[in-house]
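# Quick check, what structure comes out for this input:
(chains A and B)
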Amino acid sequence: MSSLLSRLADRWRGSGAYSLTTPPMDGALRPNQLIESADLATAAGAPDNLVVQGDRVLFTSGRAILALGDACGSPVPAGEAPAEIACMAAAVDGSLALGLVDGRILLRGGVHDGLELRTCGDRPVLCPTALLFEDTDTLLVCLGSQDNRPDAWKADLMERRATGSIWRVHLGRREASCLADALAFPYGVMRVGNGDLVVSESWRSQLVAIAPNGGSRPALLDLPGYPARIVVRPDGAGAWIAIFAPRSQLIEFVLRERRYCERMMREMPPDLWVAPSLHAPESFLEPLQGGALKQLGILKPWAPTRSYGLVVQLDANLRPVSSFHSRADGRRHGVTSCVEVGGRLIATSKGGDAIVAIALPPSGAQT
Amino acid sequence: MLSEFLTRWRYRLVPDHVLGEILSKTWIDNAIPFAILLLTLAVFGTLIPGLVTLTGFAALYAELGELIFVVLGMSLVMLAGGIDLSVGSVFALANFLTLLLFNMLGWPIPVVIALALLCGGLVGLVNGFLVGYLRLRAFLTTLVTLIIVRSIVDMLILAYAVKVANPVATSPIWDFISFDTFHGLPVALIVALVVAAAAHLFLTRLRPGWRILAVGGSRRSAYNAGLPVRRTIATTYVMSGVLAAAGGVFYAARLNAAGSDTGVGLEVLALTAAVLGGNSLGGGRGSVAKALLGAITVLIVSSSLIRLSLPTGATSFALGVVLLAAVAIDVRWVKNRSKLLSRVYVSPTYLKLPPAPSTEAGSASLYAVNDRLHEVELIGLGELDGPEDTILDAADHLYTGSRHGDVVRFIAPDYRRQEIFAHIGGHPLGMAFDSEGNLIVCVAGMGLYKIAPDRVVSKLSDQTNRSLLSVIDDSRMRLADDLDIAPDGRIFFSEATIRFDMSEWMVDALEARGNGRIICYDPRDRSSRTVISKLLFANGICMANDGESFFFAETWGCRISRYWFTGGKAGRREIVIENLPGYPDNINRASDGNYWLALVGMRTPAFDLGLAMPNFRRRMAQRIASDEWLFPNMNTGCVVKFNEAGVIVDCLWDGRGINHPMITSMREHKGYLYLGGVSNNRIGRYRIPGADPDWTGVGSYWGART
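Have a look, this model is predicted:
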């Protein structure tokens, strides 16, 4: 009874569990401009889905699959899909799995070439967000939502959905089993050293570990943004998270103001919503927060922002150890995927139309 | 829609902003003690018939006079951050001494009173020396004095109790003090009220009084400011001793008895009264009025409890509970008042704007985005801080304001050299030249100022008539914004908002209430008068070419209106442009007979939606940090030109927002347009294609001068 009363009081006052706080960027997450000042590996329209295939690094841009050229060369075409590609995975035998925004998963190359999945078990593939080959016959599929397509992720957040799921699909037998359900937009998946699967749950700003026996537990809570793709480091000692947008007090507030939020979604195009964004503001019709007012012609890097560029390095225990940023005054925002190849961190800034490469200090050195 | 209709009327009828304005008043500290007094009267008035009548009160008058003396003394000590527990004993000592000197020894009354007061002062001096100079703990020290003085009194009473009770002489003065009343008020109460009035003057108007408050407010700061902290503290104890003794003298006059229970527990009574009245235990915050309120309340409570004939001890118990509650309320109030104020001060209201017109580049819209302002020359880049408005004189020199409180002049013809033309002290905003070449300036936080050509700064106006129902003192000018001068010399200027200062002008956007007004300054009789009030951030003002009317901008209302101040249509007000795509700022004349208008920022659908949902904005203001608040988009602006009919005829954008993210003003002069921005660090100079190369603003108002 008293807890109910205190909950009601908290709700009315906006305190306790109803207070609007976002985790600070501090400690290992202290801001820098390493992504903003990083070398441009290549420029491409809305690049995404970096995967390593043999000695090539592939990424997607719209419908196109491209391979990173050597030494900042222009990218080499490596294929094209019939629709915009939402996610991609590569298997050791050279086959690719492509998740398309129109709601299907295509297999290219290898033994299952040409296979098309439109359902996982009984569930339609509406929102493929991440794919991972366990072996050439087994594919892990993240379905971000049952309600929105991948390109409507903003609506999925603002509607406060939690209808995502993870599936293990046996490609030969065409059998699928659900590993976890009712996730708030699973956007990335990786397998870590102890055999657990780790999933990034975007709208809850956390990583969830799923043990081989099916039990799940939070692996990393209270990220200051919405995590996208996660990938283990080549030596297996740690991982990378790409965080595609920052959390902000205003957005958390709007998420709770249902009347405002629903009218906003009904009456405005998504670019103008008070919602996270992949790119830095492009129009004066986009919402502005008080701290983002230009003073003496300058936008402060610490200004409140709806878009950000952030990659976080985790240690083997999934604790953050360092981070790479592009701040409010930057352009390289909306980092959705990253890989570590040959001592370099490569990341796609989907909102900044750029792929950046950052040389990492040799393994073992302090980062 | 019904809900929108209800929302609109709810915000039209309920003045939400008043709560915050009341809370920001200093007298609000008295509200709680006053409410407690009323509550006390209500409770005991119903319990005891006849209490709340003149005769009921009259029974308390004499006692009240004595209590007021003691409470005043206690309050003075508390204001300086201390506490005086010895007042009860001093009271008893003075009572005994008076009776001893007068009844037993038969000394003359004036000498008796003087000696009694002196004695109280001496006890106070001991306290003051120990607490003030030796810096002992006030509580323990005065507790010890309480015990020592009490035992002295007890010993004296043992020895002389019978002898002092029977007077050996009579004195007309003594009888007067003892028995006479004036208009029903006993002498004790009258003297107490006179002393209270003097104490009020002392605390609020005299330097030693201020020092007491300063020492109580922050002992260290007072010391650092060079105040004699120790002496000030010691003085308060002396005053407390004298006042307690005065109470004792009147007690002696009234009862003519020296019992061992005289003044017992008086320190608790006085302390309760002082704290209940709202004098802070921590010092520095309180007043005589609070002490009086507290004394009346406590006396009503204690005497009513006695009249209810509760069992022994119940009265003290009740007083203890009241003291505890008063202390708790005091602590919570001091801690939370500013928090509460900051939570409730911003009080948004309902504003429904129609959908904004399109600004899409390349469209047929009058406001289509272009990049024509990209080709500006920059003046004073990085040297300026907040050139809100610009103006040029007959010799082509360029004047602008800066946040440092200066009017800066850039020297023609290349505007590379600058000098401080005049220092005013507040951020100069709108500017205009009058017919004699004086520069008239609106200064944020200060009002309307004049700078003569010889650089002498003089104040024209900093207050206007106070409106009848305004809680906030709106006679003062908080944010004078822009001005223009009528042909007859009258100056019309806008005050953007009466509720916020310059540093938080954007917060006014969150309220979207008609907080602004237009004021007319008449140089003939130097009077100022509010002409139009309740404007949504009154901003730019520009005289129309007919000389009988002016245009004015309402920033949050996104509209331009015209007001006729003289001629056949005098007093009429018409909306000229409605539903701008952005927020209008300054208006100025153009060489082709039209008018330039700066749009300081652009509307966003997200903020426009919030304007129609005041509760959403109120919760936002309460729950998230101010830097995170949703604001209008002030990072992009433009300049438009409109004609007398209110039709937009031209539009200039800095599409990339590099030089002029926010434009608050523009001034045409000899074929160029000069652009200012209140949070920018540069002035832009744009060549207007095809503009009259000889036209000047000053000339268009006052004719060409040499």
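
# only C-alpha atoms for contact and neighbour calcs from this point on.
Fine.

# Does chain B have contacts with stretch A:303-320?
Yes: under the criterion of C-alpha under 8 Å from any C-alpha of the partner chain, chain B is reached by stretch A:303-320 at residue A:304.

# Now do that stretch: distance to the chain's middle.
11 Å (C-alpha atoms, centre = their mean, to the nearest Å).

# Likewise for stretch A:170-180?
Its chain's C-alpha centre lies 24 Å from the corresponding centre of stretch A:170-180 when counted by C-alpha atoms, centre = their mean.

# can you list contacts of that stretch?
Residues outside stretch A:170-180 that contact it (C-alpha atoms under 8 Å, 6 or more residues apart in numbering or on different chains) are A:112, A:120-121, A:137-139, A:165-169, A:210, A:214.

# can you do 7 Å?
Contact with stretch A:170-180 is made by A:120, A:121, A:137, A:138, A:139, A:165, A:166, A:167, A:168, A:169, A:214, as judged by C-alpha atoms under 7 Å, 6 or more residues apart in numbering or on different chains.

# Between these, identify the one with the most neighbours.
residue A:166 (26 neighbours; other C-alpha atoms under 10 Å in any protein chain shown).

# Confirm it sits in a helix?
No: assessed with DSSP: H, G, I helix; E, B strand; the rest coil, residue A:166 is strand; it does not lie in a helix.

# mind listing what the nearest residue to it once chain neighbours are set aside touches?
Nearest non-adjacent residue to residue A:166, counting by C-alpha to C-alpha, 6 or more residues apart in numbering or on different chains: residue A:142, 4.6 Å away. With contact taken as C-alpha under 7 Å, 6+ apart, residue A:142 is in contact with A:128, A:129, A:130, A:131, A:165, A:166, A:167, A:186, A:187.

# The closest residue to residue B:452 other than its chain neighbours: how many residues sit nearby?
Nearest-residue entry for residue B:452: residue B:438, 4.6 Å, with adjacent residues in sequence omitted and distances by C-alpha to C-alpha, 6+ apart. Residue B:438: 17 surrounding residues under other C-alpha under 10 Å.

# What of the one 5 residues further on?
Residue B:443 is flanked by 27 other residues according to other C-alpha under 10 Å.

# isn't there a helix covering it?
No: read with three-state DSSP, residue B:443 is strand and lies in no helix.

# which helix in chain B runs the most residues?
helix B:314-344 (DSSP state H).

# That one near chain A at all?
No: under the criterion of C-alpha under 7 Å from any C-alpha of the partner chain, chain A is not reached by helix B:314-344; the shortest gap measures 10.7 Å.

# Buried residues of that helix, list them for me.
By 16 or more other C-alpha atoms under 10 Å in any protein chain shown, the buried positions in helix B:314-344 come out as B:315, B:319, B:322, B:323, B:326, B:327, B:329, B:330, B:333, B:341, B:343, B:344.

# just those now: which is nearest residue A:246?
Closest approach to residue A:246 among these (C-alpha to C-alpha): residue B:343, at 26.6 Å.

# give me phi/psi at the closest residue to residue B:409 other than its chain neighbours?
The shortest distance from residue B:409 to any non-neighbouring residue, by C-alpha to C-alpha, 6+ apart, is to residue B:399 (4.5 Å). Phi and psi for residue B:399, reported as degrees, to the nearest 10, are phi -110, psi 140.

# Residues of chain B that sit close to chain A?
B:602-607, B:623-624, B:626-636, B:659, B:661, B:679-681.

# Out of those, which end up buried?
Counted by 16+ other C-alpha under 10 Å, these give B:602-607, B:623-624, B:628-636, B:659, B:661, B:679-681 as buried.

# Show me which residues of chain A are close to chain B?
Residues of chain A lying close to chain B by C-alpha under 7 Å from any C-alpha are A:14, A:20, A:249-250, A:264, A:272-274, A:284-291, A:293-297, A:304.

# Run through the helices of chain A in chain order.
Using DSSP H, helices in chain A cover A:2-13, A:153-158, A:249-256, A:258-267.
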